[in-house]
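Undergrad: Coordinates only, no sequence provided:
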């Protein structure tokens, strides 16, 4: 079944993210001197480490913030398009927002591309987060938002 195979981290298969999560869990166990079979979630919270799938979202949103605030290199900025700059959408409500276009993908595999995954991550953020212009404040609020989302989903 598709839901069991794919994680919510933008169509990455679990066989890709699971080894990374196991490595992160092992590092947390090493730091906290836990036994191999002890539960590691509370240790990850104490270390302020996001689980891998949320870390992927964090990095994508951070890159999109840099693009949005014109701090990113042009090779990244050229990959995504703000909805307000699309002529067919300029008169729509979405044309005045801070959203970005997600290109249509025919295959799930295409949703792993930065041009799709980064705008999808950015568009999923609340507008109050998207409007923060200070990078340090954005990082802090984004991490708090993702921790709250993680707690809500688990």
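TA: On my side now, so go ahead. Remember, it's a predicted structure, so these values are computed and weren't measured experimentally.

Undergrad: For residue 49, give me phi and psi.
TA: phi -100, psi 130 (degrees, to the nearest 10).

Undergrad: what kind of secondary structure is the residue of the chain most remote from its centre in?
TA: What lies farthest from the middle of the chain is residue 35; by CA atoms, centre = their mean that is 30.6 Å. Put simply, residue 35 is coil when judged by DSSP: H, G, I helix; E, B strand; the rest coil.

Undergrad: Distance check, it against residue 27.
TA: From residue 35 over to residue 27 the distance is 15 Å, taken as CB to CB, to the nearest Å. Heads up, the C-betas are built off the backbone N, CA and C, glycines and all.

Undergrad: What sits closest to residue 83 if chain neighbours are left out?
TA: Spatial nearest neighbour of residue 83, chain neighbours left out: residue 99 (4.6 Å); criterion: CB to CB, 6 or more residues apart in numbering.

Undergrad: Next: residue 12.
TA: Closest residue in space to residue 12, ignoring its immediate chain neighbours: residue 112 at 6.4 Å, by CB to CB, 6+ apart.
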